[in-house]
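Asker: my questions are about this predicted structure, shown below with the sequence.
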Amino acid sequence: MPNSSPRYISNLTRDTYALILAGGRGSRLHELTDWRAKPALYFGGKFRIIDFPLSNCINSGIRRVGVVTQYKSHSLIRHIMRGWGHFKKELGESVEVLPASQRFSDNWYQGTADAVFQNIDIIRHELPRYVMVLSGDHVYRMDYAGLLAAHAESGADMTCCCMEVPIEEAANSFGVMEVDQNNRILGFQEKPAHPKPVPDNPELCLASMGNYVFNTEFLFEQLKKDAKNEASRRDFGMDIIPSIIEHHNVFAYPFRSAFPNEPAYWRDVGTLDSFWLANMELLYPTPALNLYDAKWPIWTYQEQLPPAKFVFDDDGRRGMAVDSVVSSGCIISGATVRHCVLFNEVRVCSYSIVEDSVILPDVVVLRNCRIKKAIIDRGCIIPEGMEIGYNHDHDRAKGFRVSKDGVVLVTRDMLGLPVGYE
């Protein structure tokens, strides 16, 4: 088919401006997002969540990207400037930060739709044929070229990217699309208790991923109309989509993996349990998220750090890590690390045991500690002899947060250390 040619795809991506919505806090992550926006949260040993939609854009051939920021955005902006600020505007490529700046009203961003509306002039200056609106707080690998091609070939005004998920999983958790046999959207339910299934499988439904493609002028028309509606909540899911599905061509695009022999991977790491689990999944011998694919790299900012080091080989004092991800600058000194994700410059001192845990950068675990099934936030210093994760009543008494599934969160504030470490 001529429409599937690489030239056709490259023309589509060249005519697209991507806007990544990265202003959310992620309140269900509790203290983990007290000092950073959710898209700035660390993931996978060396990345931040924002790196995944950004890498998807660049790898898909979309080189004009705006990142909308709002909540506690300092670390997010710093990361983007350091890791993504090398694109050349004069070559038609850029990654720009778009903070809330009251361009069209006296308010900060009031919702997802308002965040795009307040940047209409910036988008218009880029003269794109299509605008892709992306969520900045999910972890996934996706070639957006397929989404763009489906949008163009269907004649859609808007296309919503969706993930097929079990009905029980989507209930009360995701926005759900009701579609016909051709994936035209007939209805939209915001976190329904009883989601409507897809036409050919009563056990699955189409959950919105929060990723949309619009024809540019159509998007502008709908945003202007929404801005005049005083009853609107300024949200794509709750307002824009329900208002257009009856009289316009709005289609769902079921997300499929573009990578051979790989299932589609998408994780909403919006709770402590889902964040912990998604990091633990990376430890499988063949993880669902392939971070080792040189043809689809996940780009990020990297400090120049020494390699990880493991020291002492004495009985009872052996520096070792098993079934773990250990990043640059880490030193495992006479300690045991088992089934863990360690970010940069983590130090684990002699006789300590750390298991089933996610340890963010610059953490120091002093001697004779025992840590199990925990998330340790950046910059924590775990006192000598402390136990975490073995007795949840004791964990709560120390001021730590214990999740529904028994993951223990420890932050600097809980340890009486100065806060604000991003």
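Answerer: Okay, I see it.
Asker: need the contact list for the residue nearest to residue 312 when sequence neighbours are not counted.
Answerer: Using C-beta to C-beta, 6 or more residues apart in numbering and skipping the chain neighbours, the partner closest in space to residue 312 is residue 334 (3.9 Å). Any C-beta I mention is one placed from the backbone N, CA and C, and that applies to glycine too. If you count contacts by C-beta atoms under 8 Å, 6 or more residues apart in numbering, residue 334 has them with 311, 312, 314, 317, 318, 319, 349, 350, 351.
Asker: if we use 10 Å, what do you get?
Answerer: Applying C-beta atoms under 10 Å, 6 or more residues apart in numbering, we find residue 334 in contact with 310-314, 316-320, 348-352, 367.
Asker: which one of the residues you listed is nearest residue 237?
Answerer: Nearest to residue 237 among those is residue 348, at 43.0 Å by C-beta to C-beta.
Asker: is it correct that that closest one is in contact with residue 338?
Answerer: No. With contact defined as C-beta atoms under 10 Å, residue 348 does not reach residue 338; the gap is 11.2 Å.
Asker: look at the two and report which has more neighbours.
Answerer: Each of residue 348 and residue 338 has its neighbours counted (other C-beta atoms under 10 Å); residue 348 has more, 31 against 15.
Asker: what about the helices in the protein?
Answerer: Remark: helices assigned in the chain by DSSP state H are 6-14, 51-60, 74-84, 112-117, 120-126, 144-154, 167-170, 216-227, 241-244, 272-281, 392-397.
Asker: rank those by pLDDT, which is bottom?
Answerer: When the helices of the chain are compared by mean pLDDT, helix 6-14 comes last with a mean of 84.
Asker: and that helix with helix 144-154, angle?
Answerer: Angle, helix 6-14 to helix 144-154, by axes from the mean of the first three to the mean of the last three C-alpha atoms, to 10 degrees: 100 degrees.
Asker: then helix 6-14 to CSV, C-alphas only?
Answerer: Only the C-alpha atoms of helix 6-14 are listed here, as CSV (Å, rounded to 0.1, in the frame of the first residue of the first chain):
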residue,chain,number,x,y,z
PRO,A,6,8.4,5.3,4.9
ARG,A,7,8.1,8.6,3.0
TYR,A,8,4.4,8.8,3.8
ILE,A,9,5.1,8.2,7.5
SER,A,10,7.9,10.7,7.6
ASN,A,11,5.6,13.3,6.1
LEU,A,12,3.0,12.7,8.8
THR,A,13,5.5,12.9,11.6
ARG,A,14,7.1,16.0,10.1
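Asker: packing partners for it?
Answerer: Helix 6-14 sits against helix 51-60, strand 130-135, helix 144-154, with contacts defined as 3 or more C-beta pairs under 10 Å, 6 or more residues apart in numbering; DSSP states H and E.
Asker: switch the cut-off to 8 Å
Answerer: helix 144-154 (3 or more C-beta pairs under 8 Å, 6 or more residues apart in numbering; DSSP states H and E).
Asker: now the nearest residue to residue 148 once chain neighbours are set aside: how far from residue 418?
Answerer: Leaving aside its sequence neighbours, residue 148 sits nearest to residue 12 (C-beta to C-beta, 6+ apart; 4.4 Å). Counting by C-beta to C-beta, to the nearest Å, the gap from residue 12 to residue 418 is 49 Å.
Asker: one more: residue 183?
Answerer: Residue 183 sits 52 Å away from residue 418, going by C-beta to C-beta.
Asker: if you count what's nearby, which of those two comes out ahead?
Answerer: When residue 183 and residue 418 are compared for neighbours, residue 183 comes out ahead with 20 against 8, by other C-beta under 10 Å.
Asker: surely the more buried one touches residue 249?
Answerer: No. Residue 183 is beyond contact range of residue 249, at 11.3 Å (criterion: C-beta atoms under 8 Å).
Asker: excluding chain neighbours, give the residue nearest to residue 380 in space.
Answerer: residue 363 (5.0 Å).
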